[in-house]
Structure formats: structure tokens, C-alpha cells
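**Q** Here's a sequence, model it:
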Amino acid sequence: MSADPRARTRALVAGLYAVTPDVVETSGLVAKVAAAIAGGALAVQFRNKIASPSLQREQALALRAVCKAREVTFIINDDVDLAFDVGADGVHLGRDDATVAVARERLGSSRLIGASCYDSLQLAEAAVAAGADYIAFGSFFPSVVKPAAVRADVAMLAEAKARWPLPVVAIGGISAANAPALIEAGADALAVISAVFDASDVEAAARRIAALFKR
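**A** Model prediction:
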């Protein structure tokens with residue numbers, strides 16, 4: 001085993017990090033996620049803001065099975081209890097969610113905890129101090145999912161990489177066209193919703209973004 005305690009996290013949070021869209025029909029969502037994984041997604045975050053709690057659990061369990069079978073990291077957005085309940089690999093927390101400390105107490109040391117830091121290195125510093133496994137910044141570009149999201153400067157990625165030995169994730173309006181600038185600035189992973197899941201060919205869209213990390 002590597003002596004570097006962050007090595008496991010770097011391996012689990014890297015490359016294309018596909019974040020699910022709001023889809024009510026579970027089989028359709030599973031098919032889209034399977035296609036994204038086939039295209040090269042190395043991590044999947046389950047995010048469904050319109051589903052009932054029972055549907056969220058149903059979908060999370062279905063996606064957990066898909067990700068486990070394909071050895072892809074599976075993260076739950078916001079909901080620490082759901083992450084624990086379905087045996088997810090971890091949880092991603094926003095500003096208004098549970099704290100990193102609360103999530104760690106609930107999930108234990110082996111699960112991943114990611115934290116949204118928006119456009120703030122101060123928030124990142126607090127998240128790292130609290131024990132987050134990875135930090136996320138954005139929105140870097142206009143986002144269809146969150147049109148009012150605060151905008152972050154690309155230079156923040158390089159600054160974060162220089163300060164902390166954790167994976168740094170970029171999010172917000174990312175596409176195959178604008179992704180190279182983020183990777184060049186230091187992003188270890190790109191969290192993408194629309195550019196992958198709104199595509200007519202999800203697998204091909206995922207492959208275009210995933211391939212950028214291999215250049």
C-alpha cells in the first residue's frame with residue numbers, strides 16, 4: 001500500500017466525474033450513466049433534485065450497483081444519510097449541507113468526502129482542515145444547471161494545487177471545448193452534467209472529455 005494517505009483519493013477522484021441529471025425514470029438514468037462510464041467516466045455523482053426520497057434511494061441503489069460492477073467511484077450529492085444507507089463510496093457537500101466533521105462521523109474514515117468551495121480559497125482551507133478528501137471549485141463557465149452560480153477564476157485551480165495535496169475538481173459549464181484550460185491549470189477531475197448527459201450520444205460525449213486527460 002502506498003505510504004501517501006492521499007494516493008487512494010487521487011486515484012478515486014480523477015478524470016471525468018459525471019454528475020447525474022434530474023431524471024425520474026430509473027432505467028433511463030442507469031442507461032445514461034452506464035454509457036458515460038463506457039465513455040471513460042471514472043467517478044459518478046448521484047444528484048437528483050426533483051426525485052422523492054424513495055425514488056432517490058431506488059436510483060442510488062441502482063447506480064451504486066452499476067458503478068461497483070465497473071469499479072467506478074460512486075458519490076452521493078448532499079445527503080450523508082443516503083450515502084451511508086446505500087453504501088456509496090462517499091458524499092459531496094455544499095455550503096448548506098452537513099459539515100465535513102458530521103459527515104466523517106457518520107461515514108467513517110474509509111468513505112470519501114468532497115466539499116464545494118465555489119470561488120473561495122478560504123472555504124477550501126476550512127474544508128481541508130476539517131478532513132475533506134477533495135475540494136471542488138466553480139462555476140468556471142456559464143451553467144445551464146445553475147445559471148446564477150458564482151463564477152470562479154481558473155487561476156484558483158493552480159493556487160489550490162500549490163497549497164494542498166488533495167484532488168481538485170472543477171465544475172460549472174464544462175465542455176470538451178473549454179475543459180483543456182481547466183486541466184492545464186491543474187484540475188484533477190472535471191465534474192460535468194449537461195455536456196455529457198444532454199448529448200444525443202452520451203458515450204461519445206463522455207469519451208471526448210475523458211480523452212483530454214490522456215494528452
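**Q** packing partners for whichever helix or strand residue 16 is part of?
**A** In this assignment (DSSP states H and E), residue 16 forms part of strand 15-19. The elements that strand 15-19 packs onto, with contact taken as 3 or more CB pairs under 8 Å, 6 or more residues apart in numbering; DSSP states H and E, are helix 26-38, strand 43-46, strand 189-192, helix 194-197, helix 202-210. Any C-beta I mention is one placed from the backbone N, CA and C, and that applies to glycine too.
**Q** same question for the last one, mean pLDDT?
**A** Computed over helix 202-210, the mean pLDDT rounds to 98.
**Q** ok, now the second one?
**A** Regarding strand 43-46, the rounded mean pLDDT is 98.
**Q** cool, and the longest one?
**A** For helix 26-38, mean pLDDT rounds to 98.
**Q** buried set for that helix?
**A** Within helix 26-38, the residues scored as buried using 16 or more other CB atoms under 10 Å are 26, 29, 30, 32, 33, 34, 35, 36, 37.
**Q** My guess is the third one contacts residue 62. True?
**A** Read it as residue 30. Yes - contact criterion CB atoms under 8 Å: residue 30 and residue 62 qualify, at 5.2 Å.
**Q** Strands of the protein, start to end?
**A** Per DSSP state E, the chain carries strands over the ranges 15-19, 43-46, 73-77, 90-93, 112-116, 134-137, 168-171, 189-192.
**Q** Export the ones you listed as JSON lines, with columns for distance to residue 181 and mean neighbour count.
**A** Formatted as JSON lines, the strands of the chain follow (distance: least, CB to CB, whole Å; neighbours: other CB atoms under 10 Å):
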{"stretch": "strand 15-19", "distance to residue 181": "16", "mean neighbour count": "26"}
{"stretch": "strand 43-46", "distance to residue 181": "21", "mean neighbour count": "26"}
{"stretch": "strand 73-77", "distance to residue 181": "24", "mean neighbour count": "24"}
{"stretch": "strand 90-93", "distance to residue 181": "23", "mean neighbour count": "27"}
{"stretch": "strand 112-116", "distance to residue 181": "20", "mean neighbour count": "27"}
{"stretch": "strand 134-137", "distance to residue 181": "13", "mean neighbour count": "27"}
{"stretch": "strand 168-171", "distance to residue 181": "10", "mean neighbour count": "28"}
{"stretch": "strand 189-192", "distance to residue 181": "11", "mean neighbour count": "26"}
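**Q** Which one of the ones you listed lies nearest to residue 182?
**A** strand 168-171 (4.4 Å; CB to CB).
**Q** still on that earlier bit, partner strands of the strand holding residue 16 and their direction?
**A** The strands beside strand 15-19 in its sheet (DSSP bridges) come out as strand 43-46 (parallel), strand 189-192 (parallel).
**Q** the inter-axis angle of that strand versus strand 112-116?
**A** Interaxial angle, strand 15-19 versus strand 112-116 (axes from the mean of the first three to the mean of the last three CA atoms, to 10 degrees): 80 degrees.
**Q** so strand 15-19 versus strand 73-77, what angle?
**A** Using the same axes, to 10 degrees, strand 15-19 lies at 40 degrees relative to strand 73-77.
**Q** Put the alpha carbons of strand 15-19 into PDB.
**A** C-alpha atoms of strand 15-19 as PDB (Å, rounded to 0.1, in the frame of the first residue of the first chain):
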ATOM      1  CA  GLY A  15     -10.600  12.500 -14.900                       C
ATOM      2  CA  LEU A  16     -14.200  12.700 -16.000                       C
ATOM      3  CA  TYR A  17     -16.500  13.000 -12.900                       C
ATOM      4  CA  ALA A  18     -20.000  12.600 -14.300                       C
ATOM      5  CA  VAL A  19     -22.800  14.200 -12.300                       C
END
